[in-house]
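*Asks:* give me coordinates for this.
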Amino acid sequence: AALVIAGCSHAVNLTDGMDGLASGCLALVFGVLALWGFFIQDPVVAVWSASLAGVCVGFLWFNASPASVFLGDVGALGLGAALGVLAILADAMLALVVIGGVFVMEAVSVMLQVASYRWRNKRRIFRVAPLHHHFQVGGVAEQKLVVRFWIVGMLLAAVGLTALLHA
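*Replies:* Take a look at the predicted model:
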């Protein structure tokens, strides 16, 4: 449980590097957990997940580019921890790897970059980590990048929810 909560917390914090990226992806994942909570008839998971999805959508109003309010470490770490706790309560920890795939990709990109730098004589895999900054340095505009990550997040959320429903 501690690994799931800490992993979610840090993965969300790593993703919080562009206007609206983390809050938009969190809204999607909390929305899927809310649907799963309603499906398994767990009112705690359903209500808390739906509430946090709504909070993230409301926050996105002010956090979308150009952001006037920022999530920051306190918000990202707290919402990430809440995500981990709700996944544990819903018994959806393995599905969270798919549903929260954007967060997983971001965290894995940082781990690969650090490992490569240390063990491959300071050679890097990405231009810069986390992954969203790799693409930004490559010339993709921030708003386009955020929307593309949201699209990937939506597809992964749909796949993860489908897997949960058919398990």
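*Asks:* what strand or helix carries residue 106?
*Replies:* For residue 106, the element it lies in under DSSP states H and E is helix 101-119.
*Asks:* other SSEs contacting the helix or strand just after that helix?
*Replies:* Counting by DSSP H and E, the next helix or strand C-terminal to helix 101-119 is helix 131-137. Applying 3 or more C-beta pairs under 8 Å, 6 or more residues apart in numbering; DSSP states H and E, one finds that helix 131-137 contacts helix 101-119, helix 142-165. Yep, even glycine has a C-beta here, placed from its N, CA and C like the rest.
*Asks:* and the helix holding residue 106 with helix 142-165, angle?
*Replies:* 110 degrees (axes from the mean of the first three to the mean of the last three C-alpha atoms, to 10 degrees).
*Asks:* so how far is helix 101-119 off the chain centroid?
*Replies:* With C-alpha atoms, centre = their mean, to the nearest Å as the basis, helix 101-119 stands 14 Å off its chain's centre.
*Asks:* now it - C-alpha only, CSV.
*Replies:* Output in CSV follows, covering the C-alpha atoms of helix 101-119 (Å, rounded to 0.1, in the frame of the first residue of the first chain):
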residue,chain,number,x,y,z
GLY,A,101,-0.7,5.4,-17.8
VAL,A,102,0.3,9.0,-18.4
PHE,A,103,1.6,9.2,-14.9
VAL,A,104,3.4,5.9,-15.3
MET,A,105,5.1,7.0,-18.5
GLU,A,106,6.2,10.2,-16.9
ALA,A,107,7.7,8.4,-13.8
VAL,A,108,9.3,5.7,-15.9
SER,A,109,10.9,8.3,-18.2
VAL,A,110,12.6,9.9,-15.2
MET,A,111,13.8,6.6,-13.8
LEU,A,112,15.2,5.5,-17.2
GLN,A,113,16.9,8.9,-17.7
VAL,A,114,18.6,8.8,-14.2
ALA,A,115,19.6,5.1,-14.7
SER,A,116,21.0,5.8,-18.2
TYR,A,117,22.9,8.8,-17.0
ARG,A,118,24.5,6.9,-14.1
TRP,A,119,25.2,3.6,-15.8
